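K.L.:
My questions concern the predicted model and sequence given below.
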Amino acid sequence: MEFKGRDIVSIEDFSQQEINHILDVTKTMEPLAKIGSDMLKGKILATLFFEPSTRTRLSFEAAMLKLGGSNIGFADAENASVKKGENLADTVRTVENYADAIALRHSLEGSAKLAAEFSKVPIINAGTGAEEHPTQAFTDLYTIRKEKGKIDGLKIALVGDLRYGRTVHSLAYALALYNVELYLVSPETLRMRKDVLETIKTKIPVTENADLDTIMPKIDVLYVTRIQKERFPDAAEYAKVKGAYKIDLKTLKNAKKDMIILHPLPRIDEIAAEVDSTPQARYFQQVGNGVVVRMALLSLVLGAVK
Amino acid sequence: MEFKGRDIVSIEDFSQQEINHILDVTKTMEPLAKIGSDMLKGKILATLFFEPSTRTRLSFEAAMLKLGGSNIGFADAENASVKKGENLADTVRTVENYADAIALRHSLEGSAKLAAEFSKVPIINAGTGAEEHPTQAFTDLYTIRKEKGKIDGLKIALVGDLRYGRTVHSLAYALALYNVELYLVSPETLRMRKDVLETIKTKIPVTENADLDTIMPKIDVLYVTRIQKERFPDAAEYAKVKGAYKIDLKTLKNAKKDMIILHPLPRIDEIAAEVDSTPQARYFQQVGNGVVVRMALLSLVLGAVK
Amino acid sequence: MEFKGRDIVSIEDFSQQEINHILDVTKTMEPLAKIGSDMLKGKILATLFFEPSTRTRLSFEAAMLKLGGSNIGFADAENASVKKGENLADTVRTVENYADAIALRHSLEGSAKLAAEFSKVPIINAGTGAEEHPTQAFTDLYTIRKEKGKIDGLKIALVGDLRYGRTVHSLAYALALYNVELYLVSPETLRMRKDVLETIKTKIPVTENADLDTIMPKIDVLYVTRIQKERFPDAAEYAKVKGAYKIDLKTLKNAKKDMIILHPLPRIDEIAAEVDSTPQARYFQQVGNGVVVRMALLSLVLGAVK
């Protein structure tokens, strides 16, 4: 297992053994996140965000700073050379002269893969197209393992937009490597993409089109995603669907006491504010885990840890 | 007096004793601003600017860097997750996982107070709504004390837009804690907000609607603010008013030799360029004082100094 | 020769002896670019980019970080105080309180000169108007000397938009200090500006309106620039011209084996992708040289090296 110089493009590129190693390294980062480290002193991360994402960008930058490194980059393509018509391959071959690693956010599927082909420095996919967001998937897995003590044996429900939400695809692929039962809960028009579904069904038990109330008493992890208004042809359809997948205290009435609720954030209103103070709510802890996961990934691909 | 972990939301939250302590700590920061310090090594400040303000943002970031800390953040809400509809409480509970303190600029009054209620890390108000800009008020007070050797006993004129300018409100509240005489000079439509006026009049002598030429010979501090065109119903009205409150060499003819002129900047043309080279002009020194004041505030709330 | 505190506004302000010294210092920066340095620890660079330029901004910021310094700034004027109508002189007199040097990008010619007149800290011109881009010219010269072992005696062709491209003007002035032969290749409407041409023709042999195929076998350096569509009155005219100045394998058929191809980047399609893998292509190495050149310039004007 060699991580130095490696790209992190897709969760599918990692074996279960490799994922477990990343989660183990992440655990060793927890104290460093508090006291700081000079592990990456002199190293520079370029955060190239062709699509804005405050959360993911700040998480990467905080991770780099906590390890003693530093950051350059841009927060949206508007201010970037791409306005002059430059292609991504040229951008990458330019920025590799400025930085030791590149975190890339882009609206096009396949862009991280293309960048990795041209780049001499590691490319970390920070969310591309509607398909991949591997660092979020590592964050989700780490949160589950930290909170539940394990991943194997869990019953996990994915709720909301399973079609366009990029985090659930990366997560579903990763979970399929473990011994879990998966429940998919979504509006008809936002069901899990066929290609993802076919792949994971060959590996783990998947219950499609599950009813949230019915499964609530037996699930260990409730993973909620944002339902985006713009995915619906008309407002009435959206309003109807939105309500049906909103998590509030009533929805949680029959939940296990030690179930945990995750959400990649930002949320609109798919989780009611009243849920924030329940013992099950773990989505803000999940945000904190995102920083230590990225610390682990950066120190691995930059060769600071094995 | 405990500052560690404290929010800096409103100047009204501070006693005169506390303000004096902050100004004393600021003085100790002057040499560190030149030679640098590692006092905040490993600490991260998040500058969340939902409204653009180059000056204030760069001042905070420079302060952090001079103390050995580092910065993450965004310069305008356009690139932030708020575009996806996230509320401020969620943003704060996310960013507190990335940073040790948050400097917040926002167009809504009360936003810094709300953020402080949700945040585990100190919130520093970097200008909210038309009401509060406490770090600028500390800067103004420090500049006055540094230049005049004291605050008590001074005659101070506030000139320009006293209604919408957020710096003058914070400053007026703070000055009312000292033994000063205040003169208010402004167009009829831009007079000091009633609530601020009522509060300060119970504490210090205030002369409303003062004539600039008449008071010029006796004042010690001339505090000028920007008159914004968009506050006026028609252009003719603006043109008339603008000229009446412009400071030039003629205006200053009868001023004391040791009077000082301050301005929170940016200025449009309320102070003529010819004034820049007078011994009274102190507004660019005031900018430099803003950095040391913010160094003091950051080191206090982060517990690096008592 | 004293560089500490000096502004870098125009390549014309430097003697050949000074340029050679800068190139010598640049060479000493090569190992530091790899292993890092604390030479500028505690120093702050402000990158004020009133016009967006990812490449140049990131190059400056990487240079500063590799020397142990840090950066503040803005990437476009949209988020800056200039929106409130502030003039550049005030911006400079403000930012000099935050930073030890200022890298300025601005659409107006003369803006770097104006800034230098008002600033107490060194101003480095990072591209102003259509006339000057001195740090790119130093990068070009350094790349030529590094790749060819010398500048004197070379035959150099400048190809493309010689009228509006700001890099070729700075470069032409600099080359005129050396013993080189210059060939100018451009569409009729994009020929070299008269004032630049008159100056350089008094110093070195210049062949105007050269034919690329004819000169190809004898030139040592092929410097290609972007032809911007918006410079042409109609699309047909642009399409015709564009093709005539596109460099591909066929164009290079009769080129010397040790000729080098440079381009300030970004490119649109004036160099075909197939050229990237030829031994002559040096434009991506040129990008890397831009970082070490800026390390040299920053350490010189900040007094870290003589």
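P.N.:
Okay, I see it. Residues are numbered from 1 along each chain as shown, chains lettered A, B, ... in the order given.

K.L.:
Who are the contact partners of residue A:29?
P.N.:
Counting by Cβ atoms under 8 Å, 6 or more residues apart in numbering or on different chains, residue A:29 makes contact with A:292, A:293, A:295, A:296, A:299. Heads up, the C-betas are built off the backbone N, CA and C, glycines and all.

K.L.:
Ranking by neighbours, what's the top pick from the residues you listed?
P.N.:
residue A:295 (31 neighbours; other Cβ atoms under 10 Å in any protein chain shown).

K.L.:
Is it correct that it is in contact with residue A:31?
P.N.:
No: contact criterion Cβ atoms under 8 Å: residue A:295 and residue A:31 do not qualify, at 10.9 Å.

K.L.:
do you know how far residue A:39 is from residue A:299?
P.N.:
6 Å (Cβ to Cβ, to the nearest Å).

K.L.:
ok, the residue in the stretch 101-250 of chain A positioned nearest to chain B - how many residues close by?
P.N.:
Going by Cβ to the nearest Cβ, chain B is nearest to residue A:226 of the stretch 101-250 of chain A, at 7.7 Å. Neighbour count for residue A:226, taken as other Cβ under 10 Å: 22.

K.L.:
Next, the contact list for residue A:189, please.
P.N.:
Here residue A:189 is in contact with A:163, A:231, A:232 (Cβ under 8 Å, 6+ apart).

K.L.:
Of the residues you listed, just say which sits nearest to chain C.
P.N.:
residue A:231 (30.1 Å).

K.L.:
contacting residues around the closest one?
P.N.:
A:161, A:163, A:164, A:189, A:190.

K.L.:
Repeat that for residue A:302.
P.N.:
By Cβ under 8 Å, 6+ apart, the neighbours of residue A:302 are A:4, A:40, A:43, A:100, A:101, A:122.

K.L.:
of the contacts of residue A:189, the lowest pLDDT goes to which?
P.N.:
For the contacts of residue A:189, the weakest pLDDT value sits at residue A:231, with 71.

K.L.:
where's residue A:126, which helix or strand?
P.N.:
Taking DSSP states H and E as the criterion, residue A:126 maps to strand A:123-128.

K.L.:
Take the contacts of residue A:189 and write them to a markdown table, including distance to residue B:129 and secondary structure.
P.N.:
Formatted as a markdown table, these follow (distance: Cβ to Cβ, whole Å; DSSP: H, G, I helix; E, B strand; the rest coil):
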| residue | distance to residue B:129 | secondary structure |
| --- | --- | --- |
| A:163 | 40 | coil |
| A:231 | 35 | helix |
| A:232 | 35 | coil |
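
K.L.:
The residue most central in space within chain A: what's its closest spatial neighbour, skipping adjacent residues?
P.N.:
Relative to the mean C-alpha position of chain A, the nearest C-alpha, by Cα atoms, centre = their mean, is the one of residue A:136, at 1.6 Å. Leaving aside its sequence neighbours, residue A:136 sits nearest to residue A:167 (Cβ to Cβ, 6 or more residues apart in numbering or on different chains; 4.6 Å).

K.L.:
Just give the number of residues close to that neighbour.
P.N.:
25.

K.L.:
wait, what's in contact with it?
P.N.:
A:133, A:136, A:137, A:140, A:225, A:264.

K.L.:
got it, and residue A:169?
P.N.:
So residue A:169 contacts A:130, A:131, A:132, A:133, A:193, A:196 (Cβ under 8 Å, 6+ apart).

K.L.:
Pick out whichever of the residues you listed sits closest to residue B:247.
P.N.:
Relative to residue B:247, the closest of the contacts of residue A:169 is residue A:133; by Cβ to Cβ it sits at 55.3 Å.

K.L.:
can you tell me which residues contact whatever residue of the stretch 151-300 of chain A ends up closest to chain C?
P.N.:
In the stretch 151-300 of chain A, the residue that lies nearest chain C is residue A:298 (15.6 Å; Cβ to the nearest Cβ). Neighbouring residues of residue A:298 by Cβ under 8 Å, 6+ apart: A:40, A:45, A:60, A:63, A:64, A:67, A:69, A:101, A:124, A:304.

K.L.:
residues from the stretch 151-300 of chain A in reach of chain B?
P.N.:
A:226, A:265, A:266, A:267, A:268, A:273, A:284, A:287, A:288, A:290, A:291 (Cβ under 8 Å from any Cβ of the partner chain).

K.L.:
Report the contact partners of the last one.
P.N.:
Meaning residue A:291. A:33, A:59, A:62, A:63, A:66, B:97, B:98.
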